[in-house]
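Visitor: would you be able to build a 3D model of this:
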Amino acid sequence: MSYDVIVIGAGAAGEAASSLGAELGGKIAVVEKELVGGECTFWACMPSKSLLDSAHRRHVGGDYPWAKAATRRDWMTNRTDGSLPSDATHADGITSVGNSLYRGTARIIGKGKVEVSAAGQLPKTIEARSVIVATGSVPVIPDIEGLADSGFWTSREATTLTELPSSIVVLGGGPIGVEMAQVYARFGCRTTIVEGNDRLLPRDHPSSSKVVTEQLESEGVTVLTGVRAVSVERGGAGRRVKLSDGSVAEGAEVVVAVGRRPADLRSLGAAEAGAELDDRGSAKPDSSMLLADGLFAAGDVAGGLQFTHVADYQGRIAIASALGRTAKADLSAIPRATYTDPETAAVGLTEQEAAAAGHEAFEVTADFATSARGFTIEGSKGHVTAVVDRASKLLVGAFAACPGASELIHEAVLAIKLGVPVPTLADTIHAFPTGSRVFGNLMSEAAKKLKT
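Guide: Prediction:
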């Protein structure tokens, strides 16, 4: 079979590429070895956010037992029973616009040639002018003595569990770790987070880390930072995790949430199609998502920030490029959000990162709790912070930890992308009382500092 483009992987990047490819008139084939819809739909973003919503309803006094939360999550991800979920809706989204869907494991066997192998079937070879690799990422499993023998959960088990254990130790205090820790704790599970850095959410603003840490601790989560797991053994509550400071954390289950890495392209055969791979089997595409002549990459496998919205964006750039359009990815303003209660969100550089990049930067910050919007929300806490370059009078970073942070950050995203001057942002009318108005008032403060 001959196509214009073969897309390997039907997660966020692959779905976006196939959808736009059909819209642009291309003849597109998609190969998926698991579920169409990918990690985000069935094991990551969507189920975790459903569970976070259920946990919030329980936290504020709703009648929301774990069984109800699990049932709601399963409905939301199209699970029909206790086995693998149904991806029929996503598969139909590919085939209903005229694309071909192949289920099986893909291997590139030459430029524009892909072999698809499925259990019980003879391998098929399909060809195209271009191939897009959108095979995502895999969990990083640290080399910890006894971990494999004792058994552990990755994010897949952590978000799809049916029965909630009495206690859990979460290894990793990044977005996945803190989100799931809050879910578990709010449903009465004794929860411990172990983070090797000196604070949770180490890639976020320190003020955001502080807000999330204080919130989790107020809900009974034990937060251990600056230590790492050195060994795991069965015993105690189920597993005993020995830490680098000599202490021990116990839990019925252990969740490994220390990060993800791009899928290895060596087993896919990308080198046979001309890709230059490093010793980890990774390759970096250019701004058109090109790896080699006729070979493109999009999403987590392309490296960079691992977000569904980035994968979707890159998938669209890759398919446009593969079909001969001029398309370049602009990754200068990527929003980042963690959906704990309260949420955190970020875009751009911290003050320290901005200084290191050569900016004459200063930071302004507002206490969300004492803002007009904060006063309207009982028990609110958090901050909104902005980083401004004095010479250009442009916003170079923005950070928030407060209710609605994931929404209000987008004004800052657009401002950074378009280079909107801070005085213009300060002169913009923001609805009262909103988190966005807190940001607007912050821009007024920054504009005053620019005059001094």
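Visitor: wait, T154 touches P142, no?
Guide: No: counting by Cβ atoms under 8 Å, T154 sits too far from P142 to count as a contact (11.8 Å). Every C-beta, even on glycine, is put in place using the N, C-alpha and C of the backbone.
Visitor: can you list residues touching both of those two?
Guide: V256 (Cβ atoms under 8 Å, 6 or more residues apart in numbering).
Visitor: so how far is the strand or helix carrying K448 off the chain centroid?
Guide: In this structure, K448 is located in helix 435-450 according to DSSP states H and E. Relative to the centre of its chain, helix 435-450 is centred 29 Å away, using Cα atoms, centre = their mean, to the nearest Å.
Visitor: for it, what is the average pLDDT?
Guide: The pLDDT scores in helix 435-450 average 98.
Visitor: got the contact list for whichever strand or helix holds M46?
Guide: Assigned by DSSP H and E, M46 belongs to helix 45-59. Residues from elsewhere that reach helix 45-59, judged by Cβ under 8 Å, 6+ apart: 40, 64-65, 68-69, 72-73, 76-77, 155, 159-160, 176, 179-180, 182-183, 186-187, 219, 308, 339-341.
Visitor: measure the most centrally placed residue in the chain to A346 for me?
Guide: Centre of the chain computed as the mean C-alpha position; nearest residue by Cα atoms, centre = their mean is F307, 3.8 Å away. Distance of F307 to A346, computed by Cβ to Cβ, to the nearest Å: 12 Å.
Visitor: does W75 sit in a helix, a strand or a coil?
Guide: helix (DSSP: H, G, I helix; E, B strand; the rest coil).
Visitor: now the strands for the stretch 301-450 of the chain?
Guide: Counting by DSSP state E, counting those that start in this stretch, the stretch 301-450 of the chain has strands at residues 336-338, 343-348, 361-367, 383-389, 394-402.
Visitor: dump those into CSV; add distance to E276, mean neighbour count and mean pLDDT as well.
Guide: Output for the strands of the stretch 301-450 of the chain, formatted as CSV (distance: least, Cβ to Cβ, whole Å; neighbours: other Cβ atoms under 10 Å; pLDDT from 0 to 100):
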stretch, distance to E276, mean neighbour count, mean pLDDT
strand 336-338, 29, 21, 98
strand 343-348, 30, 26, 98
strand 361-367, 36, 18, 98
strand 383-389, 35, 25, 98
strand 394-402, 33, 26, 98
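Visitor: what's the closest of the ones you listed to R103?
Guide: strand 336-338 (32.5 Å; Cβ to Cβ).
Visitor: look at the nearest residue to L450 once chain neighbours are set aside and say how many residues are nearby.
Guide: Leaving aside its chain neighbours, L450 sits nearest to K393 (5.6 Å; criterion: Cβ to Cβ, 6 or more residues apart in numbering). K393: 16 surrounding residues under other Cβ atoms under 10 Å.
Visitor: relative to T370, how far out is K393?
Guide: 27 Å.
Visitor: ditto for A273
Guide: Distance of A273 to T370, given as Cβ to Cβ: 57 Å.
Visitor: the more surrounded of the two?
Guide: A273 (22 against 10).
Visitor: so what's the backbone phi/psi at the more buried one?
Guide: phi -100, psi 10 (degrees, to the nearest 10).
Visitor: before we move on, back to that, any buried residues in the helix holding M46, and which?
Guide: Using 16 or more other Cβ atoms under 10 Å as the test for burial, helix 45-59 gives 45-48, 50-58.
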